[in-house]
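give me a 3D structure for the following:
(chains A and B)
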There are 2 protein chains.
Amino acid sequence: MIQEKYTYDDYGNNYPNSRKVYISGSRPDIQVPMREIKLTDTKKADGTVEENAPVLVYDTSGPMTDPNYTLDLEKGLPKLREAWIEERGDTVKTEARGFQPGDDGQGGDTNRMPFQSLEKMARVAKEGANVSQMHYARKGIITPEMEYIAIRENLGRQAAFNSVYMKSEHETGLLTQAQTAGMRSANHQHPGQSFGANIPDFVTPEFVRDEVAAGRAIIPANINHPEAEPMIIGRNFLVKINANIGNSAVTSSIGEEVEKVQWSTLWGADTIMDLSTGENIHDTREWNLRNCPVPVGTVPIYQALQKVGERPEDLTWELFRDTLIEQAQQGVDYFTIHAGVRLRYVPMTAQRVCGIVSRGGSIMAKWCVSHHKESFLYERFREICEICRQYDVSLSLGDGMRPGAIADANDEAQLGELETLGELTKIAWEYDVQVMIEGPGHVPLHGVKENMEWELEACHEAPFYTLGPLTTDVAPGYDHITSGIGAANIGWYGCAMLCYVTPKEHLGLPNKEDVKAGVITYKIAAHAADLAKGFPGAQVRDNALSKARFEFRWEDQFNLALDPVTARSFHDSTLPGEEAKTAHFCSMCGPKFCSMRISEDVRQYAAEQGLSEEEAIEKGMQEKSQEFAEQDAEIYT
Amino acid sequence: MIQEKYTYDDYGNNYPNSRKVYISGSRPDIQVPMREIKLTDTKKADGTVEENAPVLVYDTSGPMTDPNYTLDLEKGLPKLREAWIEERGDTVKTEARGFQPGDDGQGGDTNRMPFQSLEKMARVAKEGANVSQMHYARKGIITPEMEYIAIRENLGRQAAFNSVYMKSEHETGLLTQAQTAGMRSANHQHPGQSFGANIPDFVTPEFVRDEVAAGRAIIPANINHPEAEPMIIGRNFLVKINANIGNSAVTSSIGEEVEKVQWSTLWGADTIMDLSTGENIHDTREWNLRNCPVPVGTVPIYQALQKVGERPEDLTWELFRDTLIEQAQQGVDYFTIHAGVRLRYVPMTAQRVCGIVSRGGSIMAKWCVSHHKESFLYERFREICEICRQYDVSLSLGDGMRPGAIADANDEAQLGELETLGELTKIAWEYDVQVMIEGPGHVPLHGVKENMEWELEACHEAPFYTLGPLTTDVAPGYDHITSGIGAANIGWYGCAMLCYVTPKEHLGLPNKEDVKAGVITYKIAAHAADLAKGFPGAQVRDNALSKARFEFRWEDQFNLALDPVTARSFHDSTLPGEEAKTAHFCSMCGPKFCSMRISEDVRQYAAEQGLSEEEAIEKGMQEKSQEFAEQDAEIYT
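Predicted structure coming up:
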């Protein structure tokens, strides 16, 4: 039934010359995966050869890209975190709520495709216990998840260090602070501008703990999703990206959705949101969760709406609460909850060009207006927190009032809701529930920065998680680009996670190629932001790629690219054939003249004269200095 | 031989529901073309119908999209400006230098494809005369070109005004300042942030003249390219984009290049650069110029290099000077001249990751080092200006030291050259020669703004014209996006023209689809910048598109898009068929529930109760206020 199976070969085909490596932590079951891109040697003009250090990159693809692991979608991924959760001794296994008639919407139960029998038992906090990473952090406990994250986030520093001091092989384990000194300049790293972010030279487990305790970062890690590899979302860590997947009433199947999970994590999605609203909602989520190596988020009101036949006014707190438990027990790592949509904000949208465009926001607005009542998400927010702390579900406070048009950006409805999200953040923190804040949407470029500043102030530095923002409305079909511009900027200003937008936004449901285009565009935006913020080591990959480019190491240039497949195919389209992959020219200038080769020629010319390049030029300069002075006088009169 | 012929049908197929309109100036031969996008009516919930004003957009496609004009590539476009040039009485016709053996490079003359016999005569300034737009501007003369530009730049204001005050039809002629008052707020226009740009509410011919006189803007308008429709490049005008085309030693033909001219101007390129380095350089340029409705730029040293068998050290001033005259007489509107590459800057690049990547820069660096001499472009700069003033060729001072890698951004070589470009700008202005300054390249996001600030200061506010900049090196295959991010930002900060980058950058020569991807991406970047700077009326198209989106006017949404073809095809890919084009739903949510329709429902619900939406909610609020107060007290404890 689920036919698409990725194997290590796919990894190899998409990432040639890469291999999966693991960096060990303080205990044998902390093995942090990274992708190592091996490079070829530099052949210097004098005939000598210089090795190029392999480059380590952040790897979100999970076990499927490990050659020692045989993927089995029907079995699911290994439960990496199960022992860690178990040994904390604060959870019990209980009979899961599981699937119940109506969960897939009315008339939607007939085509079920359950994921084996795994859903019979679920893990839950012991009576009175709090199992959130924030709770541990505030008690001063460094969890294995936190250490794992520290190693993972340090990869840039590690790689930067290696490229300077070790050349051809990488070291395992952590660097000392002393080792990182001088690394920036040795790597031509720009210092960056971080707008008040606190970016350490070196990420320690204690730093991770402290950021989580303060609420400045979250670790989405439901105890029922032990398959997920720990990751962190916060302004002082690498900028992350999310990929939305999910079926709709119109299209898609479980097989396609699981394929999108694998496909998007292969290309670099840090989290996935399953936004399914079609049939098989429960089973689709189960298959996705069991095969997803990154945290999974949902918008529970979407499923709740299906359960009441898509009539928002029929929603009840009891039904919604039951949906939260259903999803928390399946392992959803974060819930988008539109609890900030208060009755009073709804009329503020009446004069907008695009009204309310948030799906969750409009559902709750309709409910509020139909019942003349304040939203049950707002009124029952403490009960929601009670559920979250028992499973460590993080809250992603939805921006139901987000602008859907440039005209509607940064208006009073949006700002009002943001203030409410700040209030709710403080309540969640009373329960040690982890919180991030969702943001817009459509915002002109000059209005992006104030969104970030408002969020930091109104929401007490809780991590910001934005959709784009799109910087113009005029390019449907290219909204990955209109929004990638806004995303790079808001990431630079301090946004912790960027929700991708695909080329199909506003027009249709994304297929596999759209998902890839969205992920790659957002990897670009996040990396541009990381560079601009000045994360130590962020520039290592850029430097390695540019060096390969300058030295005509075409294969290395492709392999270091975010998308080696496309880079290679574009080169092939003009100059196919293996010989062009080692040629010291490209199709722009042709074989005879080459700008970059002239730079080499300049250096070589100087060397042949027994002088360094600088000396040779200096010599020429001295001989000519008198002449120049005379000419200058002539030119400037 | 030249088979590709665009007709009005192509226009119609690519821009459905659009028509070409002309706005008249003060004299009958000033007819400024614009594209009018007709919209369908809004059908309101109460059964009434409201007309939507058509939207006027800037049109760079020239006569080929006029149904009354029959395109003939072998004849060339009509000579729009010939009468204006003639009536100034300061030029004569002279025997043109024309084609000479060797012009297409050694051995390249055998496959000539001359453009008829038009090249026998060329126009040149009378002895001692200066025919530059800057010269006229400084003498206080408002040329027809300047008035044309004022009308063209005002289109946004006109359209914004119409949408508020006139609804269904547009007025011809100029608006008064009084008429533009209040337009911003009536159009939900954000004020923007312009970093010191002087953006008037209304562009007058006198404003154009003043900006050109001050050197803050240029009108590239060679007297031998009367086919070009006047346009302006300057910080206080709409942000422009350039598309590079041209053959190489490896690939392409004249037919393909002319097709790229038509294709890129159809999609919105404001200028074209012909960077041909392959065979038929002279004839390719002639065909392009005669069929190009926008200004054409070149890098003359490219052709000069071909003439000396691609050996930079064999270049001479005499050969280069002859090449300038050859190209000026053909009608090239701006020359990129790398006169800032001084001998002293060359060694500063020795420690770079990517050395010198500018093709012109590396040619001159090689020449300088080979001869131990200062560049003849620098030494003979006044003679270059003498040529330019006779044909009104604008100078685009090339950044031969531009960084080709993130690591090399904003270094001393780049800055040193910029200072020299500032000196040269002042010299050019002594000759009333129009100048813009070329900029990078590869720059991390946080370093983009200082590039703009340096340029404004060092080069006395001459317009800046940048390639991107690319904000990371790690995404070959997607460099239209890595650079589109930088381009939007630098456009916002004040860059006047953005040179596009296609997806093939660094990898191969762009084909037709790559050219389109580059142009559309840069139209997005330029428009995002225009919105952020707060140009009056810039938001009209965004607002119209978003209104169409909200009202499910799918056809209008496609037709208002920068690329209607792609927008429509993406919609078709999920929901093919005409019925889906009028459906009040889309594939994301399916037919039953729709976020945006709920907003309509909210309004309708309120109306049914005989109350305005706001009143209805207010009523609900009042009834519940006591209850809420009690609940609030409970929630916040």
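
quick one: mean pLDDT for stretch A:225-233?
Throughout stretch A:225-233, pLDDT has a mean value of 98.

distance between it and the chain's centre?
12 Å (C-alpha atoms, centre = their mean, to the nearest Å).

and it, what's buried?
Neighbour-count burial for stretch A:225-233 flags A:225-233 (criterion: 16 or more other C-beta atoms under 10 Å in any protein chain shown). C-beta coordinates here come from the backbone N, C-alpha and C atoms, glycine included.

and stretch A:289-298, what's its mean pLDDT?
On average, stretch A:289-298 scores 97.

possible to save the buried residues of stretch A:225-233 as a markdown table with distance to B:Arg549 and secondary structure?
What follows is the buried residues of stretch A:225-233, written out as a markdown table (distance: C-beta to C-beta, whole Å; DSSP: H, G, I helix; E, B strand; the rest coil):
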| residue | distance to B:Arg549 | secondary structure |
| --- | --- | --- |
| A:His225 | 36 | coil |
| A:Pro226 | 42 | coil |
| A:Glu227 | 39 | coil |
| A:Ala228 | 36 | coil |
| A:Glu229 | 38 | coil |
| A:Pro230 | 40 | coil |
| A:Met231 | 35 | coil |
| A:Ile232 | 36 | coil |
| A:Ile233 | 31 | strand |
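
okay, the residues you listed in CSV with distance to chain B next?
CSV is the format used below for these (distance: C-beta to the nearest C-beta, whole Å):
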residue, distance to chain B
A:His225, 26
A:Pro226, 32
A:Glu227, 28
A:Ala228, 26
A:Glu229, 22
A:Pro230, 25
A:Met231, 20
A:Ile232, 22
A:Ile233, 21
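
just curious, which of the residues you listed is nearest to A:Arg209?
Nearest to A:Arg209 out of the buried residues of stretch A:225-233 is A:Ile232 (C-beta to C-beta; 10.7 Å).

next, the closest one: phi, psi?
phi -130, psi 150 (degrees, to the nearest 10).

nearest spatial neighbour of it, chain-adjacent residues omitted?
A:Ile149 (4.7 Å; C-beta to C-beta, 6 or more residues apart in numbering or on different chains).

what is the burial count for the one you found?
The number of residues packed near A:Ile149 is 29, by other C-beta atoms under 10 Å in any protein chain shown.

also A:Thr40?
For A:Thr40, the count of nearby residues is 17 (other C-beta under 10 Å).

repeat that for A:Pro191.
Other residues within reach of A:Pro191, judged by other C-beta under 10 Å, total 12.

confidence score at it?
86.

the residue nearest to A:Ile232 belongs to a helix?
Yes. Under DSSP: H, G, I helix; E, B strand; the rest coil, A:Ile149 falls within a helix.

wait, what's in contact with it?
A:203, A:205, A:208, A:219, A:230-232, A:237 (C-beta atoms under 8 Å, 6 or more residues apart in numbering or on different chains).

how close does it sit to chain B?
Per C-beta to the nearest C-beta, to the nearest Å, A:Ile149 is found 23 Å from chain B.

now do A:Met34
16 Å.

what does the residue nearest to A:Gln189 when sequence neighbours are not counted show for phi and psi?
Residue nearest to A:Gln189 in three dimensions, not counting chain neighbours: A:Gln539, with 4.6 Å by C-beta to C-beta, 6+ apart. Here is the backbone geometry of A:Gln539 (degrees, to the nearest 10): phi -90, psi 0.

what is the burial count for A:Gln539?
29.

where does pLDDT dip in the stretch 451-600 of chain A?
Residues of the stretch 451-600 of chain A that meet the criterion pLDDT under 70 lie in A:583-597, A:599-600.

which stretches in it count as helices?
A:479-493, A:512-533, A:540-550, A:554-560, A:564-574, A:595-608 (DSSP state H, counting those that start in this stretch).

what about stretch A:199-216, how long is it end to end?
Length of stretch A:199-216, first residue to last, C-alpha to C-alpha, to the nearest Å: 12 Å.

can you check stretch A:208-228 too?
End-to-end distance (C-alpha to C-alpha), stretch A:208-228: 18 Å.

try stretch A:201-210
For stretch A:201-210, the end-to-end distance is 16 Å (C-alpha to C-alpha).

now that stretch: buried residues?
Here stretch A:201-210 shows A:202-205, A:207-210 as buried, counting by 16+ other C-beta under 10 Å.

now A:Asp399: closest residue in space, sequence neighbours ignored.
A:Glu438 (4.5 Å).

so which strand or helix has that neighbour?
strand A:435-439 (DSSP states H and E).

now for the nearest residue to A:Ala529 once chain neighbours are set aside: which residues touch it?
Counting by C-beta to C-beta, 6+ apart, the nearest residue to A:Ala529 once its immediate chain neighbours are dropped is A:Gly491, at 2.9 Å. By C-beta under 8 Å, 6+ apart, the residues touching A:Gly491 are A:239, A:498, A:525-526, A:528-530, A:533.

coming back round to it: farthest pair within the buried residues of stretch A:201-210?
Greatest spacing in the buried residues of stretch A:201-210, by C-beta to C-beta: A:Phe202 and A:Arg209 (14.7 Å).
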